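**Student:** fold the following for me, if possible:
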Amino acid sequence: MMNFDLQPTLENDLISLVPLKAEDFEKLFTVASDPLIWEQHPNKDRYKRDVFENFFKGAMESKGAFIVYDKETSDVVGSSRYYEFDEENSSVAVGYTFIGRDFWGKGHNASLKKLMLDYAFQFVDKVILHIGATNFRSQKATEKLGAIKVSEIEVAYYGEAVKWNFVYQIDKDKWENRG
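**Tutor:** Take a look at the predicted model:
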């Protein structure tokens, strides 16, 4: 099995994913400081600097986080990451994704997930997504990708309180044979 680099640089015509660096904090916080991004999220306070600092610290320590740029404008779109790589079960989780409102409904999220899933499925057979139980927007987007809800669990986000989450799974064969 090839080595699964959890922080490659990935790109397509619309976006580029670049490994997150400490100096990206202010650029990313500028996008994340919009309360409406987090209104359906389990942690609705992530738009606050101190809460986002904790989120960013977790992203850096994950060694699988990205900052996402719009290719045309070079504007920061948002962030996502790979986490919980499990070689034995041939799975990895994709998540902690947020997208600035300027990019909602324009294909950036679908483009981001497609890049991350296409890359991950070179190394694993399953991709897991944890979605907040009240995050209907993300649940709908995840289902559009062909993900199936497989369970409900409590998740303790890095340095945050435990929250109820739905666990979705996308299998490699389903992804590769989607219509």
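
**Student:** now do the contacts for residue 75.
**Tutor:** Counting by Cβ atoms under 8 Å, 6 or more residues apart in numbering, residue 75 makes contact with 69, 100, 102. Every C-beta, even on glycine, is put in place using the N, C-alpha and C of the backbone.

**Student:** of the residues you listed, which is the most crowded?
**Tutor:** residue 100 (21 neighbours; other Cβ atoms under 10 Å).

**Student:** the nearest residue to that one once chain neighbours are set aside and residue 149: what is the separation?
**Tutor:** Take residue 100 and drop its neighbours on the chain: the residue closest to it by Cβ to Cβ, 6 or more residues apart in numbering is residue 31, 4.2 Å away. According to Cβ to Cβ, to the nearest Å, residue 31 stands 28 Å off from residue 149.

**Student:** same check on residue 99?
**Tutor:** Applying Cβ to Cβ, the value for residue 99 to residue 149 is 22 Å.

**Student:** do the same with residue 117
**Tutor:** Computed as Cβ to Cβ, the residue 117 to residue 149 distance reads 17 Å.

**Student:** likewise residue 166?
**Tutor:** With distances taken as Cβ to Cβ, residue 166 is found 5 Å from residue 149.

**Student:** of the two, which one has the most company?
**Tutor:** residue 166 (21 against 14).

**Student:** ok, and what's touching the strand or helix carrying that one?
**Tutor:** When elements are assigned from DSSP states H and E, residue 166 belongs to strand 162-171. Outside of strand 162-171, the residues within contact range by Cβ under 8 Å, 6+ apart are 42-43, 117, 125-133, 139, 142-143, 145-157.

**Student:** select only the buried ones of these in ChimeraX?
**Tutor:** Buried residues among the contacts of strand 162-171 (16 or more other Cβ atoms under 10 Å), as a ChimeraX selection:
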select :42,43,117,126,127,128,129,130,131,132,139,142,145,146,147,155,157
